[in-house]
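Asks: just coords:
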């Protein structure tokens, strides 16, 4: 193995990957950064779904991969290419990358099977979607397929361990502005009506991107990485729609009114279990204290 192996961060120009890369550099870690396109701070540019391009990366110097690159619903619908095909090509390369010992995959809460109603405890042992079923959410299906592809690397290579970091709704500087939280924040800042839609009982968990980055780096460590094949990156901030709207208005000092267009229909009521994550990251940032990190 190379005397000075590196951590490779894929998708390092993206929302999560850029924070992982910056935090790793601040911590003095030896890292290399990847993105689909070249740019400032990017060491290697390659389309992960292209095996030929992938082979151009210096795999003989990489001991750890933190896989952040992904298509997400707010930015792209190319889930088959950028998630499934890219993971399959990456897995093939990693089988041959001799120095490799650790894989950390920034996955998603979306891989858990959602019940039709009733309480829904989302722990690391919760049921996940079936890779063979036709999932209504192609993003969720694609992320589960990525998990399976990377797990297969560890199955074929006992010297490699994998951790899937299943994050809830990630927020912070650099996030896309079209999802629920930034839309509410934008309307509150402009003192416009906050329109709430969807099931009235809907709840969501919000985790700061720096907490996800911290957990990703922690999971890249030897002892932790081997002991936790799955870790839920959930904070203590779980909100219903009306709670969230009230929080946004209060923190921002907004005079926005709330327009209730929600539906009184059955939906699962999630309980976001994060006790395991707190063993390695004791304190998550609070949404109240970090709401202003959300772009206008």
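Replies: Nice, I can see it. Because the structure is a prediction, the values reported are computed rather than measured.
Asks: Could you use CA atoms for every contact and neighbour count after this?
Replies: Noted.
Asks: how near is residue 208 to residue 17?
Replies: Residue 208 sits 13 Å away from residue 17, going by C-alpha to C-alpha, to the nearest Å.
Asks: Quick check: which helices or strands does the helix ranked longest in the chain pack against?
Replies: Assignment by DSSP state H gives helix 138-156 as the longest helix of the chain. The elements that helix 138-156 packs onto, with contact taken as 3 or more C-alpha pairs under 8 Å, 6 or more residues apart in numbering; DSSP states H and E, are helix 79, helix 86-94, strand 102-108, strand 161-167.
Asks: nearest to residue 9, of those?
Replies: Closest approach to residue 9 among the helices and strands packed on helix 138-156 is made by strand 102-108 (9.5 Å; C-alpha to C-alpha).
Asks: what pairs with the closest one, and is each one parallel or antiparallel?
Replies: Its sheet considered, strand 102-108 pairs with strand 62-67 (parallel), strand 161-167 (parallel) by DSSP bridges.
Asks: Tell me, how many residues neighbour residue 253?
Replies: 12 (other C-alpha atoms under 10 Å).
Asks: List phi and psi for it.
Replies: Per-residue torsions, residue 253: phi 60, psi 40 (degrees, to the nearest 10).
Asks: need the helix or strand of this structure with the lowest average pLDDT.
Replies: helix 222-227 (a mean of 57; mean pLDDT, DSSP states H and E).
Asks: and stretch 169-176, which residues are buried?
Replies: Neighbour counts over stretch 169-176 (16 or more other C-alpha atoms under 10 Å) mark 169, 170, 171, 172, 173, 175, 176 as buried.
Asks: make that stretch 28-35, sorry
Replies: 31, 32, 33, 34, 35.
Asks: ok, now which ones touch residue 30?
Replies: Residues near residue 30 by C-alpha atoms under 8 Å, 6 or more residues apart in numbering: 5, 6, 7, 24.
Asks: After whichever strand or helix holds the third one, which helix or strand is next? Please name it.
Replies: Using DSSP states H and E, residue 7 maps to strand 6-10. Helices and strands here follow DSSP H and E; after strand 6-10, the next one along the chain is helix 15-26.
Asks: Mind giving me the packing neighbours of the following helix or strand past that following helix?
Replies: Next along the chain after helix 15-26, taking DSSP H and E as the criterion, comes strand 31-35. Where contact means 3+ C-alpha pairs under 8 Å, 6+ apart, strand 31-35 is packed against strand 6-10, helix 15-26, strand 44-45.
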